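1. Task: produce atomic coordinates for the following.
(one chain, ligands or ions: 1)
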Amino acid sequence: MEGGAVVTSPPDRLVNALDAASSGLTVMAGSSRFSPSTAIAPRLAVSTLQAYHGVTATARLLPRAGHDLRLDWNESTVPPSPLVFERLAAVLGSGQLNWYPDPTATALRRRLARYAGRPVSQVVVFNGSDSALDCVARTFVGESDEVLICAPCYDNFRVFVEALGARVQQVLGPDPFRPDTAGLLARIGAATRLIYLCNPNNPTGRLYRLPQIEQVLRALNGGLLIVDEAYFEFSGVTAAGLLDRYDHLVVTRSFSKAFGLAGLRCGYVLTSARVARLLNRVRNGKEVNLLAQVASAAALDDLPHVRAYVREVRRARGWLVRTLRDRGYDVIATPANFVLLRVDDPPRLVARLEALGVRVRDRSQMPQLERCVRVTVGTLDDCRRFVAALARLEASS
Ligand SMILES: Cc1ncc(COP(=O)(O)O)c(C=O)c1O
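-> As a prediction, the model looks like this:
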């Protein structure tokens with residue numbers, strides 16, 4: 001087609017438009033037509049930026065089919081606490097959506113402070129922990145600054161810092177499933193501004209212990225360490241206590257995993273009051289919408305609900321790992337709500353499972369994870385259904 005692809009079909013429009021935009025194709029948006037010759041060019045750092053690849057967005061826009069199993073994005077597979085729905089209904093019933101949300105999110109931050117055992121001044125809330133990572137990057141990273149990422153890991157942070165023109169170094173250890181403190185320390189230099197450490201790591205489950213994290217903090221002079229604890233509720237390990245002694249530490253956490261609120265977007269940061277003040281200078285004050293604030297506070301008011309889910313996931317994870325190993329699979333267990341399978345042909349397995357309505361994530365393009373497929377662990381029932389789907393595939397191949 002002259003001038004490139006013209007995208008019109010509704011469910012695919014968003015994804016195709018994004019793809020087209022990143023590949024320089026022409027996109028129809030309503031009646032206006034943009035072409036590369038008249039379009040504004042992005043900043044240099046953005047022109048070469050590789051986007052973060054999430055799961056298939058189109059499929060997620062569709063209503064959920066009765067029996068599909070979404071084990072591809074490490075969400076909770078059950079709804080949040082009933083208290084969340086009660087409080088949301090009360091807010092919606094009041095009709096008061098015309099007011100902006102509380103920019104200080106005080107009610108939510110007070111609960112978070114109690115939950116995390118830190119002062120309120122050390123808590124900052126965001127529109128998901130992704131947004132927290134973005135804000136930390138924008139607050140501290142400038143063009144050409146050096147940023148270390150403990151790879152292979154969750155890839156969004158790389159996008160945020162590369163978009164700012166930072167010099168990103170992916171630090172790979174000899175074994176992606178074990179901490180490599182010595183290797184990381186060797187890479188820290190006078191120019192290191194930020195270090196990103198996902199703990200436990202998505203997708204390898206690698207877990208750094210507190211003395212190792214403390215070694216990194218000691219070695220970092222004039223820089224900041226981000227410990228991404230999106231899976232904290234499952235691992236039970238947190239670096240937050242180190243804030244008693246170190247103020248160049250940022251812990252990011254999420255309501256998207258154990259709390260079951262991925263659809264509403266809420267995350268938070270635990271950091272020193274000094275760093276919190278700096279983040280608040282850059283942060284959008286209206287960042288966390290009213291419903292997300294209310295729902296997250298309600299979820300914290302029903303901790304037995306989230307604790308019961310975490311217990312269920314741990315039990316299900318143990319069952320899944322044992323069962324898959326008994327069936328001859330090469331399984332890597334993690335302290336989070338996912339496991340990795342090493343298989344001969346990851347794309348084929350993912351496609352065949354998808355045909356059965358089971359979504360898992362191919363991670364085999366990541367460095368050191370050549371044969372790996374990631375599977376979210378939900379309830380025991382979810383795991384049984386997953387194993388049943390694998391058994392169907394085995395029977396038919
Ligand atoms: C390590 C890690 N950090 C952050 C996120 C994003 O969390 P949120 O939904 O709070 O933005 C994810 C989501 O998969 C993740 O795995």
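2. The ligand contacts on the stretch 101-250 of the chain?
-> Gly128, Ser129, Asp130, Tyr154, Cys198, Asn202, Asp228, Ala230 (CB under 6 Å from any ligand atom). Every residue, glycine included, has its C-beta placed from N, CA and C.
3. Torsion angles phi and psi at Gly54?
-> Dihedral angles of Gly54 (phi, psi; degrees, to the nearest 10) stand at phi -90, psi -170.
4. Mind jotting down where the strands sit in the stretch 201-350 of the chain?
-> Applying DSSP state E, counting those that start in this stretch to the stretch 201-350 of the chain gives strands spanning 224-228, 249-254, 267-271, 330-332, 338-342.
5. got a markdown table for those, with mean pLDDT and mean neighbour count too?
-> Below are these laid out as a markdown table (pLDDT from 0 to 100; neighbours: other CB atoms under 10 Å):
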| stretch | mean pLDDT | mean neighbour count |
| --- | --- | --- |
| strand 224-228 | 98 | 25 |
| strand 249-254 | 98 | 26 |
| strand 267-271 | 98 | 26 |
| strand 330-332 | 98 | 16 |
| strand 338-342 | 98 | 22 |
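6. Dump these to JSON lines, plus distance to Arg374.
-> Shown next, in JSON lines, are the strands of the stretch 201-350 of the chain (distance: least, CB to CB, whole Å):
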{"stretch": "strand 224-228", "distance to Arg374": "16"}
{"stretch": "strand 249-254", "distance to Arg374": "17"}
{"stretch": "strand 267-271", "distance to Arg374": "21"}
{"stretch": "strand 330-332", "distance to Arg374": "10"}
{"stretch": "strand 338-342", "distance to Arg374": "5"}
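7. Let me know which of the ones you listed is the nearest to Arg359.
-> Nearest to Arg359 among those is strand 338-342; the distance by CB to CB comes to 12.7 Å.
8. Partner strands of that closest one and their direction?
-> Based on DSSP bridges, the pairing partners of strand 338-342 within the sheet are strand 330-332 (antiparallel), strand 372-376 (antiparallel).
9. Can you name the element that comes right after the last one?
-> So that's strand 372-376. Moving toward the C-terminus from strand 372-376, the next helix or strand (DSSP states H and E) is helix 380-396.
10. Can you give the distance of stretch 308-327 from its chain's centre?
-> How far stretch 308-327 lies from its chain's middle: 22 Å, per CA atoms, centre = their mean, to the nearest Å.
11. Show me what it is in contact with.
-> 76, 78, 233-234, 258, 260, 331, 333, 337, 339, 341, 375, 377-380, 382-383, 386-387, 390-391, 394 (CB atoms under 8 Å, 6 or more residues apart in numbering).
12. what sits against Phe177?
-> With contacts defined as CB under 8 Å, 6+ apart, Phe177 is in contact with Thr204, Gly205, Arg206, Ile332.
13. And the pLDDT at the first one?
-> Just to be clear, that refers to Thr204. At Thr204 the predicted local confidence, pLDDT, stands at 98.
14. any idea how far it is from Thr252?
-> Distance of Thr204 to Thr252, computed by CB to CB, to the nearest Å: 18 Å.
15. same check, this time on the last one
-> In this structure, Ile332 and Thr252 are 24 Å apart, going by CB to CB.
16. Then the third one?
-> Computed with CB to CB, the distance linking Arg206 and Thr252 is 17 Å.
17. what does the domain assignment say about the chain?
-> 10-43, 57-79+304-396, 82-302 (automatic domain parsing).
18. Same list (these) but as JSON lines, adding distance to Ala51.
-> Putting the domains of the chain into JSON lines (distance: least, CB to CB, whole Å) gives the following:
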{"stretch": "domain 10-43", "distance to Ala51": "6"}
{"stretch": "domain 57-79+304-396", "distance to Ala51": "12"}
{"stretch": "domain 82-302", "distance to Ala51": "7"}
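19. Of those, flag the one that's most buried.
-> Among these, domain 82-302 has the highest mean neighbour count (mean count of other CB atoms under 10 Å), at a mean of 19.
20. can you give me how far that one is from the chain middle?
-> Distance, centroid of domain 82-302 to centroid of chain: 10 Å (CA atoms, centre = their mean).
21. swap in stretch 338-352?
-> Mean-position distance between stretch 338-352 and its chain equals 21 Å (CA atoms, centre = their mean).
22. Can it be said to contact the ligand?
-> No: Stretch 338-352 stays clear of the ligand (CB under 6 Å from any ligand atom), getting no nearer than 8.9 Å.
23. check contacts around Leu83.
-> Leu83 neighbours (CB under 8 Å, 6+ apart): Ala298, Ala299, Asp301, Asp302, His305.
24. 10 Å instead, please
-> By CB atoms under 10 Å, 6 or more residues apart in numbering, the contact list for Leu83 reads Ala295, Ala297, Ala298, Ala299, Leu300, Asp301, Asp302, His305.
25. and the gap between the fifth one and Arg111?
-> So the one you mean is Leu300. For Leu300, the distance to Arg111 - CB to CB - is 4 Å.
26. Get me the contact residues on the stretch 251-397 of the chain for the ligand.
-> Remark: the part of the stretch 251-397 of the chain in contact with the ligand comprises Ser254, Ser256, Ala262, Gly267, using CB under 6 Å from any ligand atom.
27. Which residue ranges of the stretch 51-200 of the chain form strands?
-> Here the stretch 51-200 of the chain has its strands, by DSSP E, counting those that start in this stretch, at 69-70, 123-126, 146-151, 167-172, 192-198.
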